[in-house]
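In: what shape does this take:
(one chain, ligands or ions: 1)
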Amino acid sequence: MRSFQLPAFLPARIRASVLALAVTTAVGSALAADPAVSWFRDVTPLFKRSCNGCHNPNKLKGEVDTSTYAGFVKPGKHGPNFLAGDPSKSRVLEEIGGKEPSMPKEGDPLTTAEVNLIERWIREGAKDDTPADAYSTRLKEPPTYGAPPVITSVAFSPDGRWLAISGYHEVLLHSTTEFRLKARLVGESPRIESMAFSADSQWLAVSGGAPARFGELQIWDPATGGLTNGFKIGSDCVFGVSWAPDSQRLAFGGADKSARVIAAIDGKELMKFDNHSDWVFRTAWMDDGKRMLSGSRDRAMKLINTANGQFIDDINKLLEPVVSMARHPKEEWAAYGGAEGGVRVYRMKENQERTSGNNDVNLVREFERQTGTAHSIAWSPDGSLLAVGSTGEVRVYQAADGKRSATLKGHSGAIFALAFSSDGKQLVTGGFEGLVRVFDPATGALLAVFTPVPAGAAKQVAAQ
Ligand code: HEC
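Out: Predicted coordinates for the structure are as follows:
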């Protein structure tokens, strides 16, 4: 790790004790040599541990942002958080000090030493010493892995040449002949949330970001492994990227509850849709390129006019959060997987005949309920099969009659990613374990298992 930052996956207990140790050391050395208190070195770790959860650009409780100096210097709901040089006129000290501190609103209060440290920082002039590259997420070299990272997304290029697999801070581009790692597409986003190849296989669009920091859309040239464009979008991760039929526009959803369309060439925002009431995880286009569908945790799949961002209709009855969604390769149908394990296929059509929400007029077929959240869903290229990934297993259904034709076992944990090869002969799965499995979707036979990341963890295992 380049800077002092604990990985998010460490258990809270361990994070707290490691941070406490670091903080104690900082306080100890500050007292020993008595140098000025540093905002960046001394104060931000305390805020990060105890305050930023409620006071960040996306969750501005009391209109206070403690996550950066630029945020903290802005007044809160009842006025400035501090007055440089004057602790007695600094609201933040009233909140965190005294016998019964009101902040943090939840969790352990700051220790006396920690409160004194912040007081001294204010008395010494409350200077900002944040380094210029403090919040840069660029990596100087490709990441190294102790264990294979969780796979959130996999995608085959339509021309059959590439299999893209999400990693940490990168996309791992494999050849499809022997599943060899051909290129590491290392970008600025620590998190990769979704990927989609353009219809001509020339571009790979990647959505992701850094939670509570920024969203990003990257466009890569798989042939050269070069980044063509990287667009910063909003202040949180973006999900569910899809190409318009013209291969020139991209749709995606966000943690900011929006669905957007941008131009692939310059990132210009062409449409922003704000009619969802929760995170938007997925998008899909209609054949005319004039309408698109967004799927959200608010349970709706909404049809949108992409020219003006107007809401046309919910196509479905609101039953459960839409977690995964896939457009049928030929029909204008969308399949979704729900948080409660529901799997349904809908016509992408207005829902005018619906009367007070009781008719689910666009429903084409309801499939058997999965045993857990249906995290991932994919159609075979000819539309004859529908695969659904939940936890521990993937089920493959005949689209025509909804009967289950195969159950792909052997996984442990959630399966977040599914993709059929363009000839329909392989179905690739990935998820919590960080392993890629290749199945024959017709028989359910396991063809190969491998870890997509290089070296150490990258043991290629041939299955029987
Ligand atoms: C669990 C959420 C939570 C945490 C953690 C938290 N706060 Fe707050 N904070 C709030 C809420 C909510 C308010 C709005 C006032 C209220 O309801 O008490 C607030 C208000 C404030 C205000 C007053 C803003 C104003 O102008 O009214 C300050 C200053 C503040 N917090 C500082 C902090 C600091 C510093 C920490 C960390 C030591 C912290 N808070 C941790 C939830 C939190």
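In: for the ligand, what's the nearest residue on the stretch 351-464 of the chain?
Out: The nearest approach of the stretch 351-464 of the chain to the ligand comes at residue 373, 26.9 Å away (C-beta to the nearest ligand atom). Every C-beta, even on glycine, is put in place using the N, C-alpha and C of the backbone.
In: and that residue, what does it touch?
Out: Contacts for residue 373 (C-beta atoms under 8 Å, 6 or more residues apart in numbering) come out as 323, 337-341, 390-391, 414.
In: run the last query once more with 10 Å
Out: Residues counted as contacts of residue 373 (C-beta atoms under 10 Å, 6 or more residues apart in numbering) are 320-321, 323-324, 337-342, 389-391, 414.
In: my guess is residue 274 contacts residue 256. True?
Out: Yes - contact criterion C-beta atoms under 10 Å: residue 274 and residue 256 qualify, at 8.6 Å.
In: ok, those two, which is more surrounded?
Out: residue 256 (19 against 13; other C-beta atoms under 10 Å).
In: can you tell me how far the more buried one is from the ligand?
Out: Relative to the ligand, residue 256 is positioned 20 Å away (criterion: C-beta to the nearest ligand atom, to the nearest Å).
In: now that residue. Nearest residue, chain neighbours left out?
Out: Once flanking residues are discounted, residue 256 sits nearest to residue 234: 5.3 Å by C-beta to C-beta, 6 or more residues apart in numbering.
In: from what I see, that neighbour and residue 258 are in contact.
Out: Yes - at 7.6 Å, residue 234 and residue 258 qualify as touching, with contact defined as C-beta under 10 Å.
In: give me the more crowded residue out of those two.
Out: When residue 234 and residue 258 are compared for neighbours, residue 258 comes out ahead with 22 against 19, by other C-beta under 10 Å.
In: now do the contacts for the residue of the stretch 201-350 of the chain found nearest the ligand.
Out: Nearest to the ligand, among the residues of the stretch 201-350 of the chain, is residue 212, at 13.9 Å (C-beta to the nearest ligand atom). Neighbouring residues of residue 212 by C-beta under 10 Å, 6+ apart: 52-53, 56-59, 67, 235-237, 255.
In: what do you get for residue 174?
Out: 154, 156, 161-165, 180-183, 428, 436, 450, 452.
In: name the helix or strand for it, please.
Out: Under the criterion of DSSP states H and E, residue 174 resides in strand 170-175.
In: partner strands of that strand, with direction?
Out: According to DSSP bridges, strand 170-175 has the following sheet partners: strand 162-166 (antiparallel), strand 181-186 (antiparallel).
In: show me what counts as buried in that strand.
Out: 170-174 (16 or more other C-beta atoms under 10 Å).
In: check stretch 279-297 too.
Out: For stretch 279-297, the neighbour count (16+ other C-beta under 10 Å) marks 279-286, 289, 291-297 as buried.
In: any idea how far apart the tips of it sit?
Out: Chord length of stretch 279-297, first to last residue, is 6 Å (C-alpha to C-alpha, to the nearest Å).
In: now do stretch 137-150
Out: With C-alpha to C-alpha as the measure, stretch 137-150 spans 19 Å from end to end.
In: stretch 44-59 now?
Out: Stretch 44-59 has its terminal residues 17 Å apart, counting by C-alpha to C-alpha.
In: off-centre distance for it?
Out: 20 Å (C-alpha atoms, centre = their mean, to the nearest Å).
In: buried residues in it?
Out: For stretch 44-59, the neighbour count (16+ other C-beta under 10 Å) marks 44-57 as buried.
In: which pLDDT does the model give the residue nearest the centre of the chain?
Out: With distances taken as C-alpha atoms, centre = their mean, the residue of the chain nearest its centroid is residue 193 (4.0 Å). Residue 193 carries a pLDDT value of 98.
In: over to the one 10 residues further on?
Out: With respect to pLDDT, residue 203 scores 97.
In: measure how buried it is and give me the count.
Out: 22.
In: and residue 136, by the same measure?
Out: Residues near residue 136, counting by other C-beta under 10 Å, number 11.
In: wait, it touches residue 190, no?
Out: No - contact criterion C-beta under 10 Å: residue 136 and residue 190 do not qualify, at 11.6 Å.
In: domain ranges for this protein, per the record?
Out: Following automatic domain parsing, one finds the domains of the chain at 12-123, 154-462.
In: filter the buried residues of stretch 44-59 by proximity to the ligand?
Out: 50-51, 53-55 (C-beta under 6 Å from any ligand atom).
In: kindly report the residues of the protein close to the ligand.
Out: Close to the ligand, as judged by C-beta under 6 Å from any ligand atom, the chain has residues 50-51, 53-55, 61-62, 64, 66, 76-79, 81, 91-92, 95-96, 102-107, 110.
In: beta partners of residue 304?
Out: Going by DSSP bridges, residue 304 forms beta bridges with residue 292, residue 311.
In: got the contact list for it?
Out: Residues near residue 304 by C-beta under 10 Å, 6+ apart: 251, 259, 261, 271, 273, 275, 283, 286, 290-294, 310-313.
In: in helices, which of the ones next to the ligand among the buried residues of stretch 44-59 appear?
Out: In helices, judged by DSSP state H, the following of these are found: residue 50.
In: wait, which of the ones next to the ligand among the buried residues of stretch 44-59 is closest to residue 124?
Out: Nearest to residue 124 among these is residue 51, at 20.2 Å by C-beta to C-beta.
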